[in-house]
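Colleague: sequence first, then the predicted structure, then my questions.
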Amino acid sequence: LEMHVRLLRTTLQRLAGEGGQLQSQERRACFGLLHSMELVPDTASLRFLRQDVLTLLADPARSGSVPDLISRLRFNASAARDRLSDDSWRLFNRLEHDATRPAGGPLNTTSALDLLDTLVLDLAAFAGMQTENMTRGHGWRFLETGRRIERAIGVLALVKGAASQCLANDAVLTPL
């Protein structure tokens, strides 16, 4: 979830910025990174990237979207409910609340960036709470090992996607 949120935020920042050559190259690079993480399909177009990113923020039916990943997190957290502190649950509920956009008009780039910034902070608080307040037993070790493996897999996917783009242009390095 954290990696997807950060990648979506980086992409939206490039889409909201100026239209210069470097910005355009970085947009294409972000598109490639999203594709390497399998967040946008082969048939996706750079022209519709903004809409794809906004859909990844709002559509619970889309695999890899923020609502989809939060529902997976909810499922896994429920299985370990007795291992999580009340403060951890408060943060988790806050994360769910902050990720739910209010009913009304469509999500625009500015509100999406605000949402992504808030989610990054919520996820950092949740990770900090887990690090500081969980008993260092077998469950914590299992959780920590899984978190590190998941992060390594995500980083490798990003680096693989970036490496294939670096042959043509190194503009991918800044968003990476």
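Modeller: Yes, it's here.
Colleague: how about the contacts made by the closest residue to residue 42 other than its chain neighbours?
Modeller: With sequence-adjacent residues excluded and distances taken as Cβ to Cβ, 6 or more residues apart in numbering, residue 42 is closest to residue 35, at 7.4 Å. Yep, even glycine has a C-beta here, placed from its N, CA and C like the rest. By Cβ atoms under 8 Å, 6 or more residues apart in numbering, residue 35 lies in contact with 41-42, 44, 161.
Colleague: tell me which other helices or strands the longest helix seen in the chain touches.
Modeller: Ordering each helix of the chain by length in residues (DSSP state H) puts helix 138-166 first. Contact partners of helix 138-166 among helices and strands, from 3 or more Cβ pairs under 8 Å, 6 or more residues apart in numbering; DSSP states H and E: helix 2-16, helix 21-36.
Colleague: mind putting these in a markdown table, mean pLDDT and distance to residue 166 included?
Modeller: Below are the helices and strands packed on helix 138-166 laid out as a markdown table (pLDDT from 0 to 100; distance: least, Cβ to Cβ, whole Å):
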| stretch | mean pLDDT | distance to residue 166 |
| --- | --- | --- |
| helix 2-16 | 92 | 17 |
| helix 21-36 | 88 | 9 |
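Colleague: which one of those helices lies nearest to residue 153?
Modeller: Of all the helices and strands packed on helix 138-166, helix 2-16 sits nearest to residue 153, with 9.5 Å by Cβ to Cβ.
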